[in-house]
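Peer 1: Attaching a predicted model along with its sequence, questions to come.
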Amino acid sequence: MRTLGEIARFVDGELRGDPSVQVTRVTHPGLVESTEDLALVLSPNAVSFLHTGRIQNAVIPAEVGDLQVPIANQIIVKRPRLVLALLMQLFERPAFVEPGIHPSAVVDQSARLGSDVRIGPQCWVGPGSVLGDGTRLVAHVSIGAEVRVGQNCLLHAGVRVGDRCRLGNRVIVQPNAVIGGDGFAFVTPERGSVESVRETGEVQAFNTDIVRINSIGNVAIEDDVEIGANACIDRGTLGETRIGKGTKLDNLVQVGHNVTVGENCLIVAQVGLGGSSRVGDRAVVGGQAGLPDHLSVGSDAVVHAQAGITNHVPERSVVIGAPAQPKRAFLEREVHLKRLPGMYKTIKALQQRLERLEARLAGDDEHLKAGEPG
Amino acid sequence: MRTLGEIARFVDGELRGDPSVQVTRVTHPGLVESTEDLALVLSPNAVSFLHTGRIQNAVIPAEVGDLQVPIANQIIVKRPRLVLALLMQLFERPAFVEPGIHPSAVVDQSARLGSDVRIGPQCWVGPGSVLGDGTRLVAHVSIGAEVRVGQNCLLHAGVRVGDRCRLGNRVIVQPNAVIGGDGFAFVTPERGSVESVRETGEVQAFNTDIVRINSIGNVAIEDDVEIGANACIDRGTLGETRIGKGTKLDNLVQVGHNVTVGENCLIVAQVGLGGSSRVGDRAVVGGQAGLPDHLSVGSDAVVHAQAGITNHVPERSVVIGAPAQPKRAFLEREVHLKRLPGMYKTIKALQQRLERLEARLAGDDEHLKAGEPG
Amino acid sequence: MRTLGEIARFVDGELRGDPSVQVTRVTHPGLVESTEDLALVLSPNAVSFLHTGRIQNAVIPAEVGDLQVPIANQIIVKRPRLVLALLMQLFERPAFVEPGIHPSAVVDQSARLGSDVRIGPQCWVGPGSVLGDGTRLVAHVSIGAEVRVGQNCLLHAGVRVGDRCRLGNRVIVQPNAVIGGDGFAFVTPERGSVESVRETGEVQAFNTDIVRINSIGNVAIEDDVEIGANACIDRGTLGETRIGKGTKLDNLVQVGHNVTVGENCLIVAQVGLGGSSRVGDRAVVGGQAGLPDHLSVGSDAVVHAQAGITNHVPERSVVIGAPAQPKRAFLEREVHLKRLPGMYKTIKALQQRLERLEARLAGDDEHLKAGEPG
């Protein structure tokens, strides 16, 4: 329960109405049920809801606020999506984890737990592992041996953290994510098929024998990282796989061994980052895009969804398509592809016109010949 | 053990043979081992197996049945794939879950369980949660707080259901699927890189700060839905993410926050549905296709595998490719792309012929000039 | 702790230096910290590190070794990536699992365990299941009923193996992988939308009813297979889904029901293999590629990342793109696509030149007409 006055201050909005009114819930304008609901208008598209008469209290973007909607209590704001984030802090409903260690959990006696650590049902914390103050494990979490998890982390149900991996502070890991699986690293004792393709363009060697390369490295996750449900981050072969401070990985993202992702990146669902690839700082990689082994995405680059990267992506560039190209080149190609049918017809027509001309001139020749003075 | 007579009635087939013969197993014609096996012929391709002499009993599609194969007992059927479904009901081998609550399971004392609920080893059911009659949890399932699961659901090993999510009746969830992870929702306090690209085509702003938008909504799964292994369905930010009655999601499918999927859809493996996207009723989305945030697929649309949707997909349309286009346009483009080498050669040839003509006419001019009366 | 002499023999390298020197760790040349570190140089790119003076012991590829770098003890090798694999065997750090059966684990009394089996915290082994000698389950593993796991397998945390599935010897399964989920198999009682599209190109039928096809088959994993984190292998409908000897599947790979993958294949992260598809022996399928239902990839074929296969891929072929084509055709198409803007301009120019010629000749005609003798 919060007062509108309190909320307006927290989101840095202008209150038009009664600051003492109390609200219990933030909701979409179309889902308002009571006078204790606060409707949040994120875009001008939702304006129609503001005239239904059911809404008493609303957060309204500045451009809509000027429209004089009939809402008793209005909080006028500038960047509504940021306001959404702030309201979701005020009204957060954190994942349920009871204080203390659930009796069904298994915590190795050599593990060290900070103060206020909460460990839910059926979790396991392996030998030599450390959980920092305020960290919470929801349920069925596996923490292997010699793992270090920082302070105020939240590991949801079914998260796996392999031996020797390290997580910073305030890291959030969604359910069933895997940190520290082994890298997909193999070698053929003799030259293999992929090598022969790289050298000659053809398959001239055969992977009759495959030798595993064990991963003895680990994963290092820096502060304020978030990792999505069922995402996978493989450990390094010798060294580490590193996810930089503040970076967010969405669900089902694949991060290969020895990858380095910089700070404050946004890696959308189902992206694949191949072994030893690198992503700079503040890069955005759209859903289902793929970055092959050993390639890189520069800082502040924006990679569109489903892009198939085949070269290093420079800093601040915008790439799209498979194979990925600069967005401008991609759009130009699309224009030309749309012109293809017209080009085809024009060529046919030109051909005919040319044939007529040629025939005509051949006729002239005949004519000339015929008319040549004897 | 079933008699052929019983089976023929159940699958609405025509029995040619002995109705009292008993069979214990349905199998592929190539795998028949005994006279108690019933061979199921799904397509005319399998006809060769019918002449090996090893098969005593077979279900045969009508078009094959007329071929007079030497099988003692035949059940002639119309739609063999439907018959497969019916036979798999008769011969089902349901997942092993012992009756009752396994002693290793943790069920909060405030949880309410219907009659005949089965809870396997190491499961957890959180406070205030409700499981309807006949619902089964196989093993290692986490049910958070205040979850409602309907009747006769089957949740396989390692399934995670987050706080406050709701499942209807007869919902099947495959192993390690995650229902109710947090949405991937963030905002930069100032204009960010993606916004600047949208406005100007270039990266002119930098994501130096990223603020999380907590998800306080939930997920609602309607009756008869099936969710694949390692699939992820994120909870809504404020409201709900909803999967409509009878819809089937395959393995590793990603459903973002606030998505609505209609009834009876088929969403094939590894599809990504971005935040706030919408899918109508009875739509089919092929494997690895991607639907970006806020876009929609209309009812009865068919989206081909790996399609990269970039616009709303109209009802009943068929789209393919990345960027996704109507199938007709896509095929036309393919035709033109195949013509490209020919077009290139034709243009070169036209250019040469034109040059010859021009030279010829220039020669005429010279000739004319030369021959002009002085 | 190993001596350089021992290491040189094991990796079949030529030691230049002191065979009695002991090393405790293998590491990247840039991360060397002590004289007990052995630097492993994988490529000539790392040569710069060899001149920093910090490195005492190094494994060096033959082509670099000839450069006379100032390293006291050198092991000169031929195929450095193979040497990496061998060194990772010598210095392996196997996943932590205590000997014996953890008291929190649930092992059905009808299960049979070989000698030296290790079962970690919170695991479950169902009735009638068998684990071979030396097999290890790390934590939170679910083994259903009547499962057979061979000898010396390693199943990481959260792995799910469904009823009746079979694993050979030395199989490694990464965390949260699912073996034996149900196939995604459904049928509409009447003709459905996808069938109508296949027959007519348009949606002329509607999936108003969907019937589930239960999976009663299983999964068979042969010896020396590795399965990645969060990968899914569905059970067969009637028969089995089979992964051949020595094949490696990366993280988040989807294998549909009734699929057969041959021996020694490498299937990279996020690949999708549709139901009843087939992959031959020694094939390599790049990340995020998709193989639709019922299609096949031949032995020794190399499928590039993100390829969208739409036809059978012949043995030893190299395919790329979506739709996937032979690499040569794909590269040719790329060349032609790059020529498109030039072709467009040339056509425009040809058109103008042709118009000029036509006008000129029309002028001639006029001229001729005008100049015709009256």
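Peer 2: Great, that's in hand.
Peer 1: all contacts plus neighbour counts: C-alpha atoms, from now on.
Peer 2: OK.
Peer 1: what about A:Val59, is that helix, strand or coil?
Peer 2: When classified by DSSP: H, G, I helix; E, B strand; the rest coil, A:Val59 comes out as strand.
Peer 1: In this structure it contacts A:Pro44, no?
Peer 2: No: using Cα atoms under 8 Å, A:Val59 is not in contact with A:Pro44; the gap is 12.0 Å.
Peer 1: for the stretch 1-150 of chain A, what spans make up the helices?
Peer 2: Counting by DSSP state H, counting those that start in this stretch, the stretch 1-150 of chain A has helices at residues A:4-11, A:62-65, A:80-90.
Peer 1: distance between the first one and the chain's centre?
Peer 2: Meaning helix A:4-11. 31 Å (Cα atoms, centre = their mean, to the nearest Å).
Peer 1: Report the separation between whichever residue of the stretch 1-150 of chain A sits closest to chain C and chain B.
Peer 2: Residue of the stretch 1-150 of chain A nearest chain C, by Cα to the nearest Cα: A:Ala145 (6.3 Å). Going from A:Ala145 to chain B by Cα to the nearest Cα, to the nearest Å gives 21 Å.
Peer 1: cool, and A:Asp293?
Peer 2: For A:Asp293, the distance to chain B - Cα to the nearest Cα - is 21 Å.
Peer 1: do A:Gly275 as well
Peer 2: From A:Gly275 to chain B the distance is 21 Å (Cα to the nearest Cα).
Peer 1: For that residue, the count of nearby residues, please.
Peer 2: Per other Cα atoms under 10 Å in any protein chain shown, the neighbour tally for A:Gly275 reads 25.
Peer 1: pretty sure the residue of the stretch 1-150 of chain A closest to chain C is touching C:Phe96, no?
Peer 2: Yes: using Cα under 8 Å, A:Ala145 is in contact with C:Phe96, at 6.3 Å.
Peer 1: who has more neighbours, these two?
Peer 2: Each of A:Ala145 and C:Phe96 has its neighbours counted (other Cα under 10 Å); A:Ala145 has more, 23 against 19.
Peer 1: Spatially nearest residue to A:Cys187, not counting backbone neighbours?
Peer 2: In this structure residue A:187 is Val, not Cys. Of all residues not flanking A:Val187 in the chain, A:Val211 sits nearest, at 5.3 Å (Cα to Cα, 6 or more residues apart in numbering or on different chains).
Peer 1: Pretty sure the one you found sits against A:Glu190.
Peer 2: No: with contact defined as Cα under 8 Å, A:Val211 does not count as touching A:Glu190 (10.4 Å).
Peer 1: Now for chain A, the helix or strand with the poorest mean pLDDT.
Peer 2: helix A:62-65 (a mean of 80; mean pLDDT, DSSP states H and E).
Peer 1: circling back: same drill for A:Val59 and A:Pro44, tell me which one is more crowded.
Peer 2: Shown here are A:Val59 and A:Pro44; by other Cα under 10 Å, A:Val59 has more neighbours (28 against 13).
Peer 1: Now the stretch 151-300 of chain A against chain C: closest residue?
Peer 2: Nearest residue of the stretch 151-300 of chain A to chain C: A:Ile213, at 4.3 Å (Cα to the nearest Cα).
Peer 1: where does that residue land on pLDDT?
Peer 2: With respect to pLDDT, A:Ile213 scores 97.
Peer 1: residue ranges with poor pLDDT in chain A?
Peer 2: Chain A contains residues with pLDDT under 70 at A:65, A:365-374.
Peer 1: thinking again about what came up before, can you pull the residues that touch both of A:Ala145 and C:Phe96?
Peer 2: Shared contacts of A:Ala145 and C:Phe96, defined by Cα atoms under 8 Å, 6 or more residues apart in numbering or on different chains, comprise A:Asp163.
Peer 1: Would you mind measuring from the most centrally placed residue in chain A to B:Val41?
Peer 2: For chain A, A:Val268 is the residue whose C-alpha lies nearest the centre (Cα atoms, centre = their mean; 1.7 Å). For A:Val268, the distance to B:Val41 equals 44 Å [Cα to Cα, to the nearest Å].
Peer 1: Please consider this matter closed, and thank you.
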